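>>> Next one to model:
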Amino acid sequence: MTQDELKALVGQAALAYVVPGELVGVGTGSTVNHFIAALASFKDRIPGAVSSSEASSERLRALGIAVLDANEVGELAVYIDGADEIDPLGCMIKGGGAALTREKIVAAQARRFVCIADESKQVAVLGRFPLPVEVIPMAAAQLTRRFAAMNGQAQLRMREGLPVVTDNGQHILDVHGLQIADALGFESQVNQWPGVVTVGVFAHQRADVCLLGAPGGVKTLVF
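Purely as a prediction, here's the structure:
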């Protein structure tokens, strides 16, 4: 199976976790795009979705699925999103699509986080994938020095010669060279640094379930 086929497999499998009659939280990224496509067949059974990015909101609306503002609703039954890495405790690195802040907000609003990914995202220790950190632009150099003191090499994410700007109007640092054994402690520490909007470690909002696409089918991990 190709990686795209594995993503489609878990996107379809995630429908089993959508609660009829309740809003669903929807993440961002290539795997989630497959879930959104699958959700079209389920749209008459849910009142709508709360989305973590403008890109996902556009896809949902194009399929006739109502998108509600997070401030207009209470608790969500489930949040379904991908991950760049996931460890044996269900802690994740997220933010490859630059939507980490809104992803963390919607995840915190949900009773259950279902991660959908292909099996290449499963790691023993977080850090192989460069850690995304959404930052206020004036703090980028200061934060780069802080990560250097932890043996991390932070680089400003660029596109076509310009810094990537998030949906929140901020920039992204991608930090290479880290090994994050204590994901909960690391997330708490970095989130307190002035200028950090959100660090892309999801330990406080870790996955409850992970659906991993593998050539033999979907593996279900429960944390």
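>>> Contact partners for the most centrally placed residue in the chain?
Residue closest to the mean C-alpha point of the chain, counted by CA atoms, centre = their mean, is Lys94 at 4.5 Å. Applying CB atoms under 8 Å, 6 or more residues apart in numbering to Lys94 gives the contacts 81-84, 100, 103-104, 132, 200, 202. Just so you know, the C-beta spots here come from the backbone N, C-alpha and C atoms, and that holds for glycine as well.
>>> now the residues you listed: which count as buried?
Listed as buried from these are 81-84, 100, 103-104, 132, 200, 202; burial here means 16 or more other CB atoms under 10 Å.
>>> Closest one of these to Gly11?
Taking CB to CB as the measure, Gly11 lies nearest Gly82 of these, at 9.2 Å.
>>> what's the spacing between the closest one and Ala183?
Separation of Gly82 from Ala183 (CB to CB, to the nearest Å): 17 Å.
>>> go on, Thr101?
In this view, Thr101 and Ala183 are 18 Å apart by CB to CB.
>>> circling back to that earlier point, and the buried ones among the contacts of Lys94 as CSV, adding pLDDT, secondary structure and distance to Arg111?
Formatted as CSV, the buried ones among the contacts of Lys94 follow (pLDDT from 0 to 100; DSSP: H, G, I helix; E, B strand; the rest coil; distance: CB to CB, whole Å):
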residue, pLDDT, secondary structure, distance to Arg111
Asp81, 98, strand, 14
Gly82, 98, coil, 19
Ala83, 98, coil, 19
Asp84, 98, coil, 24
Leu100, 98, helix, 21
Glu103, 98, helix, 16
Lys104, 98, helix, 16
Pro132, 98, strand, 26
Gly200, 98, coil, 22
Phe202, 98, strand, 16
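>>> Reformat these as TSV; add distance to Arg146.
Shown next, in TSV, are these (distance: CB to CB, whole Å):
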residue	distance to Arg146
Asp81	27
Gly82	28
Ala83	25
Asp84	21
Leu100	18
Glu103	23
Lys104	20
Pro132	15
Gly200	15
Phe202	20
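>>> shouldn't Gly95 be in contact with Pro132?
Yes. Gly95 is within contact range of Pro132, at 2.9 Å (criterion: CB atoms under 8 Å).
>>> Can you work out which residues contact both of these two?
By CB under 8 Å, 6+ apart, the residues touching both Gly95 and Pro132 are 84, 172, 200.
>>> Which of those lies at the shortest distance from Val218?
In terms of CB to CB, no member of the shared contacts of Gly95 and Pro132 lies closer to Val218 than Asp84, at 19.1 Å.
>>> you'd agree that closest one is up against Met92?
Yes. Under the criterion of CB under 8 Å, Asp84 lies in contact with Met92, with a separation of 7.4 Å.
>>> residues making contact with the lowest-mean-pLDDT helix or strand in the chain?
Considering only helices and strands, the least confidently modelled element of the chain by mean pLDDT, DSSP states H and E is helix 3-13, at a mean of 92. Helix 3-13 is contacted from outside by 1, 30-38, 116-120, 211-215, 217-218, using CB under 8 Å, 6+ apart.
>>> what about 7 Å?
Helix 3-13 is contacted by residues 30-31, 34-35, 37-38, 116-118, 211, 213, 218 when judged by CB atoms under 7 Å, 6 or more residues apart in numbering.
>>> Of the residues you listed - the most surrounded one?
Among those, the one with the most neighbours (other CB atoms under 10 Å) is Ile116, at 31 neighbours.
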